[in-house]
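Peer 1: Kindly return the folded structure for what I paste below:
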Amino acid sequence: RIKDIDEVRSGFRSRTFDQLVINGSINASEEDLAFTIMYNNHRNEVHLMAPDVTIRNLWIVGVHHLVDKHAHKSQRHLTTEEKWILNYFREADKDRSNTLSKRECRKLLTDSLNVKVPDAVFEQLFRKADKSQEGLLSPEEFVGFFHLLTQRKDLYEIMKQYTKNGRSYSIENIHMNVDELLSFLRIV
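Peer 2: Here you go, the predicted model:
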């Protein structure tokens with residue numbers, strides 16, 4: 001499971017890789033392709049070699065993203081994140097109506113968060129978040145809007161392919177266990 005991952009090491013920073021180099025099973029020049037996933041309180045490790053440095057770095061970034069996402073949820077940082085989002089909401093609510101118009105929301109994104117979103121994408125996300133269909137976002141709807149805006153659809157599509165029953169999970173609750181992650185890393 002993702003929560004069991006303790007560390008991701010790049011390069012030959014493990015005894016197993018050292019032994020493989022000594023035995024001649026791998027070449028010392030391939031260190032940039034290697035990484036190790038330590039899990040289960042550093043008791044277990046999986047050693048992997050990518051076909052190139054770019055793929056290795058993508059794997060490492062992807063695993064770190066999953067671990068960070070899980071850690072934030074399990075440590076209740078979502079509450080802190082929500083407070084942070086709502087602080088921006090209150091700052092952008094110039095007329096103190098406890099709602100944000102499209103204009104206020106757009107201004108918040110560009111001026112405060114430095115986020116540029118194409119008009120069509122903005123309209124689509126705003127409509128999806130506007131559950132009351134009033135053309136305004138309440139604080140709760142704005143939190144939903146923010147989450148829609150920050151979802152990683154690229155990772156979701158990949159996870160759907162490599163997760164058992166992945167197509168039955170929504171983007172909010174899809175997850176990989178350790179075996180699925182290892183299988184993914186070996187295949188890709």
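Peer 1: Give me the helices and strands touching the helix or strand harbouring residue 65, please.
Peer 2: Assigned by DSSP states H and E, residue 65 falls within helix 53-74. For helix 53-74, the elements it packs on are strand 5-10, strand 34-39, helix 77-92, helix 178-187, judged by 3 or more C-beta pairs under 8 Å, 6 or more residues apart in numbering; DSSP states H and E. No exception for glycine: its C-beta is placed from N, CA and C like everyone else's.
Peer 1: Pull the distance from it to the chain's centre.
Peer 2: 7 Å (C-alpha atoms, centre = their mean, to the nearest Å).
Peer 1: what's in contact with that helix?
Peer 2: 2-3, 5, 8, 10, 32-35, 37, 48, 50, 77-78, 81, 152, 155, 175-176, 181, 185, 188 (C-beta atoms under 8 Å, 6 or more residues apart in numbering).
Peer 1: Identify each buried residue in that helix, please.
Peer 2: Within helix 53-74, the residues that qualify as buried are 56, 59-60, 62-63, 66-67, 70, counting by 16 or more other C-beta atoms under 10 Å.
Peer 1: Same question for stretch 5-12.
Peer 2: For stretch 5-12, by 16+ other C-beta under 10 Å, it's 5, 8-10, 12.
Peer 1: Please save the CA atoms from it in CSV.
Peer 2: The C-alpha atoms that make up stretch 5-12 are tabulated as CSV, following Å, rounded to 0.1, in the frame of the first residue of the first chain:
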residue,chain,number,x,y,z
ILE,A,5,6.3,3.4,1.4
ASP,A,6,9.0,5.0,3.5
GLU,A,7,11.4,6.4,1.0
VAL,A,8,12.4,6.5,-2.7
ARG,A,9,16.1,6.5,-3.4
SER,A,10,17.6,7.3,-6.7
GLY,A,11,20.7,5.7,-8.0
PHE,A,12,22.6,2.7,-6.6
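Peer 1: now what about that stretch, what contacts it?
Peer 2: 17-18, 21, 28, 31-32, 34-42, 56, 60, 63-64, 66-67, 178.
Peer 1: So among these, which ones count as buried?
Peer 2: For the contacts of stretch 5-12, buried by 16+ other C-beta under 10 Å: 17, 21, 31, 34-39, 56, 60, 63, 66-67, 178.
Peer 1: Out of the residues you listed, which comes closest to residue 146?
Peer 2: Closest to residue 146 out of the buried ones among the contacts of stretch 5-12 is residue 66 (20.3 Å), distances taken as C-beta to C-beta.
Peer 1: quick revisit: to residue 140, which of the helices and strands packed on helix 53-74 lies closest?
Peer 2: helix 77-92 (9.3 Å).
Peer 1: For the closest one, the averaged confidence score.
Peer 2: The pLDDT scores in helix 77-92 average 81.
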